[in-house]
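J.: here is the input, now give the coordinates:
(2 chains)
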Amino acid sequence: MIHLKTLNAAHIRLIAVHWSRHAVRGGAGLVYLMIALVFGLSVAHMVIMPVEQLMTVQERERGQVDPEAVRNMIITVGEPITQFVLGLRSVEEIAQQDTGHEQPNARNFVGPPQEATNDAGSESWTDFLLEDRPALLSAIFLLLLFGMPFAISFLAFNQVTGDIQSHGLRYLLLRTERGNIYFGRFLGTAAFSTAVTAVLIAIITLYLGLRIQIYPAAALAGWAIHGFLAVAILMLPYIAVCSIVSASVDSPFLSLVLAKLIIGGVLLFAFLGGLKWEAVKLVKYLLPWGWQNHLLHPEPSHWLAAGLACLLYTGVFLMLGYARFDTRDL
Amino acid sequence: MTHVVSINGLSKRFGRIQALDGVSFQVPAHSIFGLLGPNGAGKTTLFSIVANFLKANAGTVEVLGIDTRYISRLRGRLSILPQDAQFQRNVPILEQLAFFRLLAGRTKQQAREEVMHTLDMVGLQSVAKNRVTSLSHGMVKRLGVAQAFLGQPEVILLDEPTAGLDPANARQVRDLIKQLQQSAAIMVSSHNLAEIQELCDHVAILNRGRLVLTGSVDDITRAHRECYLGLSRELQDGELQRLRTIPGMRSIEKTTSRATDNNSQAAEYLVTFDLSGDGMDQDTVIAGLLGQILEMGVTPRKLTEGRSLENQFLELTGNATE
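T.: Below is the predicted model of the structure:
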């Protein structure tokens, strides 16, 4: 029986604040901070470095940088890659398009729903990301949306499991409800993850604005905020998955391994199974993998729906984890 | 309310192991209640169920008239020193304990003051800003006791509160427990039977998950009350026979292990009383015994409490080793 009526907002807030501070001191927060920054900045470096090289060449040969030419180059190079990442074109299709023969083929399995794969839709989405919005940021956001779910388990794997193992929770259990501990720690973890995401995206955006200087500041800032919200909200269901695992096992190491296996395994299973049976691809919808790129869709209805779906997944996962945590021996 | 804790038909199973099997007893208000049993008897499991850490397979627990399945209704009224629970390693002690008081609705200032006061009670005020990792085992144990004393709980569960403490600190904790008896009922589990006998007015003895005995210490030890008696010389057979006829005397036997002083003629006796008869009182029997001894021209040198509860415990639990 779930005792949601006994939840106490003040306790949840206190526990969330205490937990997010503890996350830094406890090591997991620092590890996640390092991993997120290293991953995010590596992704940014990978995307920005060719552009910087082009700008250096332009400056050496012409004496100045031509922002328009740089943006066009980014669009030309980035279009097929973006289409692949969005699941709009397969590698074979892109290769054949380049040589003038296009055949229908399997899409990238981390793709959007079917309706988005029509040419008009795909072009408008690609154009939106590469032409209407700062393309470099779009590319970085797409990679962050794919990679950050793997990193988040380093922060979220030990929400309660370590304290279950050490019995440290017993000092709290007579002072507040189990639900307050569970949801408070989830929120503390989410707050820490959001702060790290904000720092990461702020660094990248500032670098693009101050060093690369090929996009207007307002466009960069606006798209950075959208991307930050997309990554931050996408982390919630994955943190909630870690909450379930953390509440279900007594070993932090096992919790980390299981969280990784579930988050990565769903994707891998959908991919490998999908090669043989088309229906197996649907497994990816157990987690937000199947539609999370829609958080960067040009249509507000799409990214709003994607955001709401993230919250829905989060709610369902949280309730499953809470049901386990509330009824288990601690 | 005459009983602050009521345990009815409590059972708990871990896989194939029956940790508790239909345990029922009650803890009187304002008592210090001892929970005894050999290792694996189910003491910690019972405490954990009372505090709702563990879910019982059968039975109910009521604390202050409230079913502990609805533990939130007892917030602030019930506290526990859990066995083997660890504090957060990387958070200063003061901050950890103050956080507990913040959850009780105190302001930061109030929380810190209450914590410092409680830490002072257990002699840890000077290390309030340290981390747990810098404390000795005994200090961590006292810290656990301190957190159980925070606030004004009406029922306190202490799972082996003096384990690992040196004699001086153990004495300090026992004195604190006695002081708290004025305001709270306290349940104590301990391996130290002499300590339980000294501290507790009521006990329950568990063995292999079953309750084998419960009642007041006085009642339990009435039939086998013991004391050690040191005399200036050894008693003759006739004198011993005479002492055995005193009403309330069960036996008097010379001990071999205890010497009362360096006097080679001195002797020590283990005296066992049987106070189960109507109107039988330990003080009256002892007065009669000492009177007879003085009449024999023997000087009593020492009279100390025996191990009545321990003997009863060993008898009931099949001499299980602690």
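
J.: need the contact partners of stretch B:25-36.
T.: B:1-7, B:43, B:46-47, B:155, B:177-178, B:181-182, B:184-190, B:193, B:196, B:199-206, B:211, B:214, B:217, B:309, B:313 (C-beta atoms under 8 Å, 6 or more residues apart in numbering or on different chains). From N, CA and C alone the C-beta is placed, and that goes for glycine too.

J.: check B:Ser276 and give its pLDDT.
T.: Note on B:Ser276: pLDDT of 74.

J.: looking at this, it is in a strand?
T.: No - applying DSSP: H, G, I helix; E, B strand; the rest coil, one finds B:Ser276 to be coil, outside a strand.

J.: quick revisit: mark which of the contacts of stretch B:25-36 are buried, thanks.
T.: Buried by 16 or more other C-beta atoms under 10 Å in any protein chain shown: B:3-7, B:43, B:46-47, B:155, B:177, B:181, B:184-190, B:193, B:196, B:199-200, B:202-206, B:211, B:214, B:217, B:309, B:313, out of these.

J.: from these, which land in strands?
T.: B:3-7, B:155, B:185-189, B:202-206, B:211, B:214 (DSSP state E).

J.: near chain A, which of these show up?
T.: The subset of those lying close to chain A, counting by C-beta under 8 Å from any C-beta of the partner chain, is empty.

J.: give the buried residues for stretch B:131-146.
T.: So stretch B:131-146, judged by 16+ other C-beta under 10 Å, has buried residues B:Arg131, B:Val132, B:Leu135, B:Gly138, B:Met139, B:Val140, B:Lys141, B:Arg142, B:Leu143, B:Gly144, B:Val145, B:Ala146.

J.: would you list those residues in CSV and tack on secondary structure?
T.: CSV is the format used below for the buried residues of stretch B:131-146 (three-state DSSP):
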residue, secondary structure
B:Arg131, strand
B:Val132, helix
B:Leu135, coil
B:Gly138, helix
B:Met139, helix
B:Val140, helix
B:Lys141, helix
B:Arg142, helix
B:Leu143, helix
B:Gly144, helix
B:Val145, helix
B:Ala146, helix
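
J.: and which of those is nearest A:Thr194?
T.: B:Arg131 (28.0 Å; C-beta to C-beta).

J.: residue numbers of the stretch 1-150 of chain B in contact with chain A?
T.: Counting by C-beta under 8 Å from any C-beta, the stretch 1-150 of chain B comes close to chain A at B:48, B:51-55, B:71-72, B:74-76, B:78-80, B:82, B:84-88, B:90-91, B:96, B:99-100, B:102-105, B:147.

J.: which of those residues are buried?
T.: Counted by 16+ other C-beta under 10 Å, those give B:48, B:51-54, B:71-72, B:74-75, B:78-80, B:82, B:85-88, B:91, B:96, B:99-100, B:102-104, B:147 as buried.

J.: what about the residues you listed, which are in strands?
T.: Those of those lying in strands (DSSP E): B:Leu78, B:Ser79, B:Ile80.

J.: tell me which residue is most central in the chain.
T.: Since you didn't name a chain, this refers to chain A. The residue lying closest to the centre of chain A (C-alpha atoms, centre = their mean) is A:Leu145, at 3.5 Å.

J.: wrong chain, I was asking about chain B
T.: B:Ile196 (3.1 Å).

J.: surely that one touches B:Ile186?
T.: No - here B:Ile196 lies out of contact with B:Ile186, judged by C-beta atoms under 8 Å, at a distance of 11.8 Å.

J.: what is the neighbour count of the residue lying closest to B:Val285 once chain neighbours are set aside?
T.: Excluding the flanking residues, the one nearest B:Val285 by C-beta to C-beta, 6 or more residues apart in numbering or on different chains is B:Gly248, at 3.6 Å. Applying other C-beta atoms under 10 Å in any protein chain shown, we find 19 other residues in the vicinity of B:Gly248.

J.: contacting residues for B:Gly248?
T.: B:Phe273, B:Asp274, B:Leu275, B:Gly277, B:Met280, B:Asp281, B:Gln282, B:Thr284, B:Val285, B:Gly288.

J.: try it again at 7 Å.
T.: B:Phe273, B:Asp274, B:Leu275, B:Gly277, B:Met280, B:Val285 (C-beta atoms under 7 Å, 6 or more residues apart in numbering or on different chains).

J.: what's the distance between the first one and A:Gln165?
T.: Per C-beta to C-beta, to the nearest Å, B:Phe273 is found 50 Å from A:Gln165.

J.: can you check the fifth one too?
T.: Distance from B:Met280 to A:Gln165, counting by C-beta to C-beta: 53 Å.

J.: neighbour count: the two, which is higher?
T.: More crowded of B:Met280 and A:Gln165, by other C-beta under 10 Å: A:Gln165, with 18 against 15.

J.: which element, helix or strand, includes that one?
T.: helix A:161-166 (DSSP states H and E).

J.: ok, A:Val47 next?
T.: Here A:Val47 is assigned to helix A:28-62, by DSSP H and E.

J.: alright, that wraps it up for me.
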